[in-house]
Structures are given as structure tokens and as C-alpha cells.
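*Asks:* next comes the sequence, and after it the predicted model I'd like to discuss.
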Amino acid sequence: GGALQSRWAEFLSVSVPFLTRVAALLVSGGTDALNDSASELARDARERIQKLGPTYVKMGQMMSVRPDILPQAALDELTILQDGVE
């Protein structure tokens with residue numbers, strides 16, 4: 001239980017601030033605000049994925065080739081994960 005609980009706490013500490021930011025943008029400015037912040041949000045998401053480690057990096061790599069799901073700004077950032085992680 002301890003390792004799983006620790007990993008969940010790490011995941012939440014990394015993801016909740018990002019999701020809160022996305023929700024705040026939607027509430028304050030709607031989808032236009034999200035579109036205006038797309039590049040910055042995509043970069044932030046990639047950095048958070050890298051912080052979470054190899055399992056999440058692999059998921060990001062898989063998503064980087066899905067233009068049917070993600071906007072171009074996200075695809076551009078996630079493509080960086082294909083080149084390797086520091």
C-alpha cells in the first residue's frame with residue numbers, strides 16, 4: 001500500500017495543478033482562452049509528463065501520433081518525447 005499511495009500522491013501533485021489551470025482558463029475565457037494558451041499548455045503538459053517518468057513518457061509518445069485526438073500544439077510538444085528524455 002505504501003508505494004502505491006506514494007505514487008498516487010506524486011501523480012496528483014503533478015497533474016492537479018495543470019488540470020486546475022485548464023479548468024480556470026475554460027471558466028474565465030472558454031475555448032478561446034484554451035486556444036490562445038495552447039502552446040504554453042502543451043509545453044507544460046509535456047514537462048509534467050517527463051516529471052512523472054517513463055510510463056507517462058511512453059503514453060505521451062503514443063499520443064504524439066494521434067492528430068485525431070490532440071491539437072497540433074500538443075502534437076508538436078509530445079513529438080519532443082520521441083527524441084528522448086533528459
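*Replies:* Arrived safely.

*Asks:* what's the spacing between the longest helix seen in the chain and its chain's center?
*Replies:* Taking DSSP state H as the assignment, the helix of the chain that covers the most residues is helix 2-36. The offset between the C-alpha centroid of helix 2-36 and the centroid of the whole chain comes to 9 Å, using Cα atoms, centre = their mean, to the nearest Å.

*Asks:* and the next helix or strand past that helix?
*Replies:* helix 38-52 (DSSP states H and E).

*Asks:* between helix 2-36 and that next one, find me the angle.
*Replies:* Computed by axes from the mean of the first three to the mean of the last three Cα atoms, to 10 degrees, the angle separating helix 38-52 from helix 2-36 equals 170 degrees.

*Asks:* helices or strands up against helix 38-52?
*Replies:* Of the remaining helices and strands, those touching helix 38-52 by 3 or more Cβ pairs under 8 Å, 6 or more residues apart in numbering; DSSP states H and E are helix 2-36, helix 54-63, helix 72-79. Quick note: C-beta positions are derived from backbone N, CA and C, even for glycine.

*Asks:* tell me the most buried of the ones you listed?
*Replies:* Neighbour counts averaged per stretch over the helices and strands packed on helix 38-52 are highest for helix 72-79, at a mean of 18; criterion: mean count of other Cβ atoms under 10 Å.

*Asks:* mean confidence score for it?
*Replies:* Mean pLDDT, helix 72-79: 96.

*Asks:* that one packs against which elements?
*Replies:* Contacts of helix 72-79 with other secondary structure elements, assessed using 3+ Cβ pairs under 8 Å, 6+ apart, are made with helix 38-52, helix 54-63.

*Asks:* so what touches it?
*Replies:* Contacting residues not belonging to helix 72-79 are listed as 38-39, 41-43, 45-46, 49, 60-61, 63-67, 70 [Cβ atoms under 8 Å, 6 or more residues apart in numbering].

*Asks:* distance between it and the chain's centre?
*Replies:* Using Cα atoms, centre = their mean, the distance from the centre of helix 72-79 to the centre of the chain it belongs to is 10 Å.
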